[in-house]
Each structure stands twice: as C-alpha cells, then as structure tokens.
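Colleague: Could you look at this predicted model? Sequence included:
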Amino acid sequence: MAYSEKVIDHYSEPRNVGSFDKSAANVGTGLVGAPECGDVMKLQIQVDPETKEIVDAKFKTFGCGSAIASSSLATEWVKGKSIDEAMSIQNTEIVEELSLPPVKIHCSVLAEDAIKAAIADYKSRNED
Amino acid sequence: MAFEQPACRVCEFTLVSRLFCFSCNALQPFPLEVDFFEVLGFPISFEIKSAELEERYQQLSLELHPDFYGSAPEAEKRLSETATAVLNTAYNTLREPTSRAGYLLHLLAQKQKLDERSLPDGFLGEMFFLQEALDELLESGNADELSGMRDEMRKRQKDIEADYAPLFKRLKDHPEDSEILQQLQTHLNAERYLRRLLGRIPA
Ligand code: FES
C-alpha cells in the first residue's frame, strides 16, 4: 500500500517520541490498543495547572506506519491547545490531514482515543 | 445447532455443500450471505475435524473448478468462478482455529451487543510494557532472552486457543449466554495483541 507523503514524513521523523513521568500531577497518560490488529499506543500530555493548556506532549506507538504518523501528528496538534479544545479533535481530521485510506481509519481512531484517554486521566487526577 | 438442509435445484437431493450437489453434480446458485459452514457442508460448530475439512475442501475445489466449465454456458462458468472464490475464503477462514473461532463468534453474536474491544484487566498495560521490553531485547540482541520471551508468549497464545473449544461447548448448552460470548471476544482480542508481539520477535 502506498503511504502518503505526510505519513512517510511523520513515520520517518516522528515528532515527540518519548514519555513523561506518569505519576506527575500535571501529566495525563492515555494507553490504548486496536483489537483489529493488536497495535498499542501511549500518548501523554503535560498540562499547565493554571491555564489548563497543554504545554507538551509525548507518544510511543507500537504499530503500523499510519498509527505512528497519527499519534505523531496528534502530539503536535494538542500542544498549545486547552484540554477542552484538544478533546474535540476528531479522527476524521487526522484521516484528512494524512490522506489515510479506508483500511487505515482504525489507526487514526487509535490516536483520537489516546488523546481522550490522556485528558480523562489528567482530569481524574486533578479534580478540583 | 439445527439448520434447514437445502435441496438440490435439479435432483432435489439434500445438499451437503450449499455450492454443489454431489448426487447429480449440479452447481447450485447460492445466496450472497451464505455462511462458510454451509459452503463446506459442516454443522455450525467449533468442532471440526481438520482431516474431514481438508477432504471436503479438496473434493469441492475439484468439482467446482472453472476448468471444467470452459465450454459451459456463461452463467455456469461465472457461477463456478464465484463458487470457487467463496469456497477458498470459507476454507481459509475455517481451517485455522483462531479465525474459525472469530468467524463463529461473529455468526453467533449477531444479535448481541458485545463489547468488541474487551480485554482482560491490566492486559493492555502489560502488552505495552512487553513491547518496550522487546525493543530493548532487540537492541541488545540477547538471543536467550528473546527466545524466552517468544516461548512464553507462544504458551500464552496456546492457552487461549485451548479455551475456545470448551467455551463454544458451553455456549451450545446456553446459546444466549452473553457472558460466554463476551469471554470469547476477550480471548480473541487478547490473542491478536499476542500475535502482534510475537510477530516482532525474529524466529
Ligand atoms: S494497522 Fe493497527 S493501528 Fe494501523
């Protein structure tokens, strides 16, 4: 299958690979998997507790090129957004940006799920 | 599970396979949504003797072979082609226990709302941890530890596979038991993650 240029770009030079200390109060961790293929993805956000803005994000994905590209893109997109804004990111936007074919849609769903899981984790540990 | 045995459109002999009559050798038009058990002429059940499946497949693929229909009317010719394609898909789906389990679950769970992503507690975290550990092993090239990990994962996969038969057997006695269905789904999901991990370990 031919990958789009943007997928190849993110795949060969993934942005923000790595991890934060998941026990830190200002960190939210989302761990998700795709039962369709067995791929796993971890996406973490670092949040400014005052402004609720996502100041940094990291990911690590064991999966296909599209999943790596989707999560790489997701970390770029969430940075600088408030957690509420980041919550509204849809996998269809990722599909569009990376020109993913239909068989690779579940890979982008994984990235959306990871963002939501990371935010949910952050919120659950920072309830006011 | 009881199902109505269809009859041959020509000689009315009860069909073994939905695709072909072994009595008068007539190709049978079949519905698009024909199930793979009907295609190969087995009752809908997880228990299939692989030797019997193999034999039935060989028999049918010979009878349906498009080469035999070279001078037949166009419709027959096309029927033999689609029948062969369906036969191959059915055989490939049913022959391997995991894909048979997945297909059977899909047939049996149609009306039930299953959680399609269910996994055992803590499983996802463990898989992520193992994937990271595997990265390190691959980097260090420690052959002993790699083969140790492979053996362990294979064993876990085998353990899961060994559960399919008893679970489907229980389901036969309690056909509507959604807990058993859900458990099967969880097993199938977990196995996919294990396979993915195993796929990264060099043989
Ligand atoms: S194929 Fe599994 S996430 Fe892409």
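Modeller: Right, received. Where do you want to start? Because the structure is predicted, anything quoted here is derived from the model rather than measured. Numbers count the residues shown, from 1 in each chain, chains lettered A, B, ... in the order given.
Colleague: The closest residue to B:N88 other than its chain neighbours: neighbour count?
Modeller: Leaving aside its sequence neighbours, B:N88 sits nearest to B:S61 (CB to CB, 6 or more residues apart in numbering or on different chains; 7.5 Å). (Glycine included, C-beta is placed from N, CA and C.) For B:S61, the neighbour count with other CB atoms under 10 Å in any protein chain shown is 14.
Colleague: so who does the residue nearest to B:H174 when sequence neighbours are not counted touch?
Modeller: Once flanking residues are discounted, B:H174 sits nearest to B:I180: 6.6 Å by CB to CB, 6+ apart. Applying CB atoms under 8 Å, 6 or more residues apart in numbering or on different chains, we find B:I180 in contact with B:167, B:170-171, B:174.
Colleague: State the pLDDT value of whichever residue of chain B sits closest to chain A.
Modeller: Closest contact between chain B and chain A, by CB to the nearest CB, is at B:R196 (3.0 Å). In this model, B:R196 is scored at 96, pLDDT.
Colleague: now check the helix or strand that it is a member of, is it near the ligand?
Modeller: B:R196 belongs to helix B:178-200 when assigned by DSSP states H and E. No - judged by CB under 6 Å from any ligand atom, helix B:178-200 stays clear of the ligand, getting no closer than 8.2 Å.
Colleague: If you count neighbours, what's buried in that helix?
Modeller: Going by neighbour count (16 or more other CB atoms under 10 Å in any protein chain shown), the buried part of helix B:178-200 is B:180-194, B:196-198.
Colleague: now stretch B:53-69
Modeller: By 16+ other CB under 10 Å, the buried positions in stretch B:53-69 come out as B:53, B:56-57, B:59-60, B:63-64, B:66, B:69.
Colleague: So which of those residues belong to helices?
Modeller: Taking DSSP state H, the ones among the buried residues of stretch B:53-69 that sit in helices are B:53, B:56-57, B:59-60, B:63-64.
Colleague: any chance of those residues in CSV, plus pLDDT?
Modeller: Conversion of those to CSV gives the following (pLDDT from 0 to 100):
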residue, pLDDT
B:L53, 98
B:R56, 97
B:Y57, 98
B:Q59, 96
B:L60, 97
B:E63, 95
B:L64, 95
